[in-house]
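Visitor: This is a predicted model, with the sequence first.
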Amino acid sequence: MANAAARSGSLRRIVIGTLVSIIVASCVLKFASMRRERRIALLVARAALVFIPLACSSVLLELALRWRGEVDHYRIEPTAGSSAESVFVTDPLLKWRYAPGFRGRFTHPEFAGEAFVINARGYRDAEWPTERDPNEYRVLVLGDSLTTGLGVTRDEAFPARLEATLAARVKRPVRVFNAGVSGYGPGEEALVLHELAESLRPNLVIVAFYDGNDLEDVRIAALNARRAFRNPNLLPSEAAGAGRFDPSSLWARRDPGGGLPRLQWKHVLGFRGARFVDDRVRHLRVRWFGAAPAAVFNDTMLASMLVVDRSPVIDENYALSLAAHLWMDARAKYAGARFVSLRLPTQLQVDDAQWEALVSRLRLRRDEFDVTLPGRRLVDDLLRAGVNAVDAAPVLRNAPGTARSYFAEGHPNRTGHARIAALLDATIGNSIDLPMDGQPR
């Protein structure tokens, strides 16, 4: 109801503002005619002839878009038998969870409308057993939308593929639990591991780190934790709400001199009209750049993280991410499980053509950027600390003559998930048959 009232109020302001503008323009025109200042009257008349149709078009566009409803390509449309209208339910500490029992389908135009079904525990996976087979080898996989498998079926996502590969190779029951949730980062993944370690008692824990936004997500998790526990010392150096990346930082490089504030669509259009026009312009710019939207625009924060001379906020976010992975390694070992940190790069980082197009179009200095950051740095630091870590960038690279590993929108496609699963299978090797250092607690 509150959202409906807000939308109604916003639309009312747009209509009233347009009418007032038309009345003011008419009054000025009438006043100028009365004063017989024909040059002024002619100027005002011409301005009104331009402004009034534009204002009416803006109102009509806004009305049409509001009548059509919000367009969200990543919306998962509920289907018959779903327990909820939305795939997400709010959570005070984890931001959100998947709604148990939700059933839906992808609506993104690049996907094929695959089913998206959430089990009773709140994850996109088959129902989890309540009893544990003592001979069963259990793998718990944590991550975000790449782990969940946006754009592919549940069986095509790399956790399910890994289960099928291991089950065919080893002589014991194998189960891989997919506990990935869209939008999660190292902070939420640490909390989920702590929550599931005792009930699932995994033999192996795999945590996927995504270069595209995990550095931002880990700060949001820290801020949420500080608010939840009311402890300002959880993140002492920044005020609540700080640490967001400025997506305009790359574009600002083309105009270092500054100047007047840039005109934005929202200054002349309604809210949804502005989003609609901005979306169309973004896609045109993507076509000109020759790069995928997710690689350049949706993950513009990534380019900020690729800067060699990093800001204090990025360094602090990286320290939080590293600390979260070290803690998860310790927590897994406490539960008697092995631990592997899996680095998943963005499409931009494994497609040289896209990176070169971005550098060329934005006239960037190559010596200011390192396309392997921050994931390669995390893998190196974890290995130095004695933590198992593996980098998926080499197997996902867009080499000439090979199939692409990503959808154009930025998530791994079926080929990408198959390559990640094969990499994990090779990483695990024969460790399934090795004795554990300790029994699960």
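Guide: Received the coordinates, thanks. As the structure is a prediction and not an experimental result, all values here were calculated from the model.
Visitor: Could you count how many residues lie near Ala393?
Guide: 18 (other Cβ atoms under 10 Å). Placement of C-beta: from N, CA and C, glycine included.
Visitor: shouldn't it be in contact with Gly375?
Guide: Yes. Using Cβ atoms under 8 Å, Ala393 is in contact with Gly375, at 7.2 Å.
Visitor: between those two, what contacts are shared?
Guide: Listed as contacting both Ala393 and Gly375 by Cβ atoms under 8 Å, 6 or more residues apart in numbering are Arg343, Pro345, Gln349.
Visitor: and the last one, that's in a helix?
Guide: Yes. Gln349: assigned to a helix according to DSSP: H, G, I helix; E, B strand; the rest coil.
Visitor: Skipping adjacent residues, who's closest to it in space?
Guide: Distances taken as Cβ to Cβ, 6 or more residues apart in numbering put Val371 closest to Gln349, at 5.3 Å, once the chain neighbours are dropped.
Visitor: what about the strands in the stretch 101-250 of the chain?
Guide: 103-106, 115-117, 137-142, 174-178, 204-210 (DSSP state E, counting those that start in this stretch).
Visitor: highest average neighbour count across these?
Guide: Highest mean neighbour count among those (mean count of other Cβ atoms under 10 Å): strand 204-210, with a mean of 26.
Visitor: pretty sure Val387 contacts Ala324?
Guide: No. Using Cβ under 8 Å, Val387 makes no contact with Ala324, being 11.7 Å away.
Visitor: Just want to know which of those two has more residues nearby.
Guide: When Val387 and Ala324 are compared on other Cβ under 10 Å, the one with more neighbours turns out to be Ala324, at 25 against 21.
Visitor: and that one, how far is that from Glu131?
Guide: Going from Ala324 to Glu131 by Cβ to Cβ, to the nearest Å gives 31 Å.
Visitor: mind giving me the domain split of the protein?
Guide: What automatic domain parsing lists as the domains of the chain is 2-68, 126-246+298-433.
Visitor: Single out the most deeply packed of those.
Guide: Counting by mean count of other Cβ under 10 Å, domain 126-246+298-433 has the highest mean neighbour count of these, with a mean of 19.
Visitor: would you list the strands of the stretch 101-250 of the chain in a markdown table and tack on distance to Ala421 and mean pLDDT?
Guide: Shown next, in a markdown table, are the strands of the stretch 101-250 of the chain (distance: least, Cβ to Cβ, whole Å; pLDDT from 0 to 100):
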| stretch | distance to Ala421 | mean pLDDT |
| --- | --- | --- |
| strand 103-106 | 21 | 95 |
| strand 115-117 | 20 | 97 |
| strand 137-142 | 10 | 97 |
| strand 174-178 | 9 | 97 |
| strand 204-210 | 11 | 97 |
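Visitor: Quick one: low-confidence residue ranges for this protein.
Guide: Within the chain, the stretches with pLDDT under 70 are 1-42, 44-45, 48-50, 54-55, 57-72, 225-305, 309, 361-362, 433-441.
Visitor: follow-up on the earlier one: quick check, the residue nearest to Gln349 in contact with Val350.
Guide: No. Using Cβ under 8 Å, Val371 makes no contact with Val350, being 9.0 Å away.
Visitor: What about Leu373? Give its phi and psi, please.
Guide: Phi and psi for Leu373, reported as degrees, to the nearest 10, are phi -80, psi 150.
Visitor: Give me the nearest residue to it, chain neighbours excluded.
Guide: Leaving aside its sequence neighbours, Leu373 is closest to Leu306 (5.3 Å, by Cβ to Cβ, 6+ apart).
Visitor: Phe369 is in contact with the one you found, correct?
Guide: Yes. The criterion here is Cβ under 8 Å, and Leu306 meets it with Phe369 at 4.7 Å.
Visitor: Let's see the distance spanning stretch 161-178 from one end to the other.
Guide: End-to-end span of stretch 161-178 (Cα to Cα, to the nearest Å): 11 Å.
Visitor: swap in stretch 167-176?
Guide: Its first and final residues considered, stretch 167-176 spans 10 Å by Cα to Cα.
Visitor: same thing with stretch 356-375?
Guide: Stretch 356-375 has an end-to-end distance of 20 Å (Cα to Cα).
Visitor: Also stretch 199-213?
Guide: Chord length of stretch 199-213, first to last residue, is 29 Å (Cα to Cα).
Visitor: same check, this time on stretch 390-398
Guide: 18 Å.
Visitor: what comes into contact with it?
Guide: Counting by Cβ under 8 Å, 6+ apart, 340-345, 347, 349-353, 372, 375-376, 379, 404-406, 412, 416, 419-420, 422-424, 427 sit against stretch 390-398.
Visitor: Let's see that with 7 Å instead.
Guide: Contact with stretch 390-398 is made by 340, 342-345, 349-351, 375-376, 379, 404-405, 416, 419-420, 423, 427, as judged by Cβ atoms under 7 Å, 6 or more residues apart in numbering.
Visitor: repeat for stretch 420-436
Guide: 137, 158, 161-162, 165-166, 170, 203-204, 206, 336, 338, 340, 342, 390, 392, 395, 412.
Visitor: Mind doing that once more with 8 Å?
Guide: With Cβ under 8 Å, 6+ apart, stretch 420-436 has contacts from 137, 158-159, 161-162, 165-166, 169-170, 172, 174, 203-204, 206, 336, 338, 340, 342, 344, 388, 390, 392, 395-396, 412.
Visitor: So Gly149 versus Ser321, what's the distance?
Guide: For Gly149, the distance to Ser321 (Cβ to Cβ) stands at 23 Å.
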